[in-house]
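any chance you could fold what I've pasted below:
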Amino acid sequence: MIEINTEFKNIFESHCHYDDGQFDCDRDELLSEMLSSGSVKRLLHASTDEKSSLFGIEYAKKYPQFYTSVGFHPECIDSLPENYAEILESLLSQSAKVVAVGEIGLDYHYEGYDREKQAEVFSRQIEFANAHTLPVIIHSRDATSDTLEILRKLKPRGVVHCFSGSYETAKEMLSLGLYIGFTGALTFKNAKKAVHALEAVPIDRLLLETDCPYMAPDGYRGKRCDSRMIYRIAQKVSELKGIPAQEVIDRTAENASRLFSIPL
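Below you'll find the model as predicted:
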């Protein structure tokens with residue numbers, strides 16, 4: 001059992017993956033404990049494909065504090081069903097707790113992905129979100145220029161999750177009206193780029209996320225990450241911005257509530 005500081009309350013987990021196989025052994029036990037303790041007030045499941053979206057819809061029915069997105073991740077591009085737009089419509093109709101389209105975007109990290117198709121699918125999902133007045137959850141890895149080009153053109157509301165870009169890129173994302181999400185990577189000892197990027201982000205445009213079970217913050221490196229660990233990211237933001245950690249948690253919860261239209 002991992003010892004986690006539970007003095008912090010009101011955590012809004014803005015990006016998590018509790019459908020991951022790492023949670024198969026204790027998923028409901030963990031969620032029930034977190035959501036009943038008061039440490040984690042809201043969870044937003046970030047979907048990556050149809051199966052993941054259906055998981056999110058199921059768990060949104062199961063737990064009042066659990067919300068979900070629907071969408072197709074760029075890494076799914078090779079297995080993407082031709083009727084993905086129809087699937088999105090069907091998924092959206094299944095629950096009022098679908099509050100975003102995501103995780104969508106561009107990923108050029110690995111060779112072999114069809115970049116043209118990624119851009120087409122990313123754009124179509126943004127258009128779907130805009131048509132339904134939903135925010136988007138944006139994934140961008142090694143694809144900053146093309147991501148920005150699409151965002152400038154289509155102007156969605158949303159968040160750039162797990163931000164790993166530069167100070168200058170953060171400024172441009174903010175100028176487009178987007179929020180910026182930081183994970184436990186912000187706490188790593190070599191996170192100079194992320195720390196500099198955070199300087200560009202005002203507290204009212206910041207979201208906190210774990211991307212769990214990945215990206216465990218410093219102090220839990222090598223462990224399975226879960227939403228209770230967000231307090232470590234808040235402590236790092238507190239250190240860098242001179243705001244008490246609980247205030248960071250409260251303010252970022254308000255930001256997520258506003259962006260995703262989720263009552264606190």
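
C-alpha from now on. contacts and neighbour counts both.
Noted.

where along the stretch 151-264 of the chain do the strands fall?
158-160, 179-182, 206-208 (DSSP state E, counting those that start in this stretch).

in the chain, which helix or strand is least confident?
helix 27-37 (a mean of 95; mean pLDDT, DSSP states H and E).

related to what we said a few turns ago, just put the strands of the stretch 151-264 of the chain in CSV and tack on mean pLDDT, mean neighbour count and distance to Arg221.
Shown next, in CSV, are these (pLDDT from 0 to 100; neighbours: other C-alpha atoms under 10 Å; distance: least, C-alpha to C-alpha, whole Å):
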stretch, mean pLDDT, mean neighbour count, distance to Arg221
strand 158-160, 98, 25, 23
strand 179-182, 98, 26, 16
strand 206-208, 98, 27, 18
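
any chance of those in a markdown table, plus distance to Glu82?
Shown next, in a markdown table, are those (distance: least, C-alpha to C-alpha, whole Å):
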| stretch | distance to Glu82 |
| --- | --- |
| strand 158-160 | 25 |
| strand 179-182 | 31 |
| strand 206-208 | 33 |
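
Ile57 and Gln94 touch, don't they?
Yes - applying C-alpha atoms under 8 Å, one finds Ile57 in contact with Gln94, separated by 7.4 Å.

who's in contact with the longest strand along the chain?
Longest strand in the chain by number of residues (criterion: DSSP state E): strand 98-107. Residues from elsewhere that reach strand 98-107 (C-alpha atoms under 8 Å, 6 or more residues apart in numbering): 46-48, 57, 67-75, 92, 115, 118-119, 122, 125-126, 129, 134-143, 146-147, 260-262.

good, wrapping up.
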